[in-house]
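Participant: sequence first, predicted coordinates after that:
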Amino acid sequence: MKNLNYYVAVYKEQLDKGDILIAYNQLVNFVMKLRVNFIKSLSDQYSFTGILHGYMDYTYFYYSNAFLKSKKLKLGLVLNHSEMRFEIWLLGNTITNQKKYWNLLKTSKWNKDKKEMPKYSVLEAILMNEPDFDNLPLLSQNIEKALIKSSDEIIKAIKTLN
């Protein structure tokens, strides 16, 4: 590994160019708008938390309903920056609960190819693999449709466990 001064210089160089800063800000703003749109259109089904920023790796927000809360679970809409795709994650409110649901869902369609539990979640499903950011209204609609479908499938799978 190179020394930190090298990486800081590369980082500053990229920030000085401006493109990375514009892209990051626009991506975060888009996720913020998605959240606002979902609050308007899906608040009868889910409650939503605020936006959380990773370390330039993930931008996300959690959402849940009474059923998920009763199981100490929540879902997350995640923009995975390194893969540049949208994902939905199922998370437990504690590590113990996450491990419990990992064991229950490790043979599910979302986890069947994984040998171990994901680092931050019980399962991760891809919603939009190659998003087209040139048509944000259409992208927003497509993400909402995929989010509803995937959320329903995940919740149905959890209900069959109990």
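Facilitator: Here it is on my side, so go on.
Participant: okay, now the unreliable bits of this protein?
Facilitator: Along the chain, segments meeting pLDDT under 70 span 162.
Participant: show me where it has its helices.
Facilitator: Using DSSP state H, the helices of the chain run over 4-17, 19-42, 66-70, 95-105, 136-161.
Participant: could those helices be laid out in CSV, adding distance to residue 130 and mean neighbour count?
Facilitator: Quick note: C-beta positions are derived from backbone N, CA and C, even for glycine. Below are those laid out as CSV (distance: least, CB to CB, whole Å; neighbours: other CB atoms under 10 Å):
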stretch, distance to residue 130, mean neighbour count
helix 4-17, 23, 10
helix 19-42, 15, 14
helix 66-70, 29, 12
helix 95-105, 26, 15
helix 136-161, 11, 15
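Participant: for residue 126, which of those helices is the nearest?
Facilitator: Residue 126 lies closest to helix 136-161 among the helices of the chain, at 9.0 Å (CB to CB).
Participant: now do the closest one against helix 95-105: the angle between them, please.
Facilitator: For helix 136-161 against helix 95-105, the angle by axes from the mean of the first three to the mean of the last three CA atoms, to 10 degrees is 80 degrees.
Participant: before we move on, the earlier item: what's the closest of the helices of the chain to residue 80?
Facilitator: Nearest of these (CB to CB): helix 19-42, 10.9 Å.
Participant: could I get the helices of the chain in a markdown table, plus columns for distance to residue 83?
Facilitator: Shown next, in a markdown table, are the helices of the chain (distance: least, CB to CB, whole Å):
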| stretch | distance to residue 83 |
| --- | --- |
| helix 4-17 | 19 |
| helix 19-42 | 13 |
| helix 66-70 | 25 |
| helix 95-105 | 21 |
| helix 136-161 | 15 |
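Participant: of those, which is nearest residue 78?
Facilitator: If you check each of those against residue 78 by CB to CB, helix 19-42 wins as the nearest, at 9.0 Å.
Participant: spatially nearest residue to residue 146, not counting backbone neighbours?
Facilitator: residue 127 (4.2 Å; CB to CB, 6 or more residues apart in numbering).
Participant: my bad, residue 50
Facilitator: Excluding the flanking residues, the one nearest residue 50 by CB to CB, 6+ apart is residue 61, at 6.5 Å.
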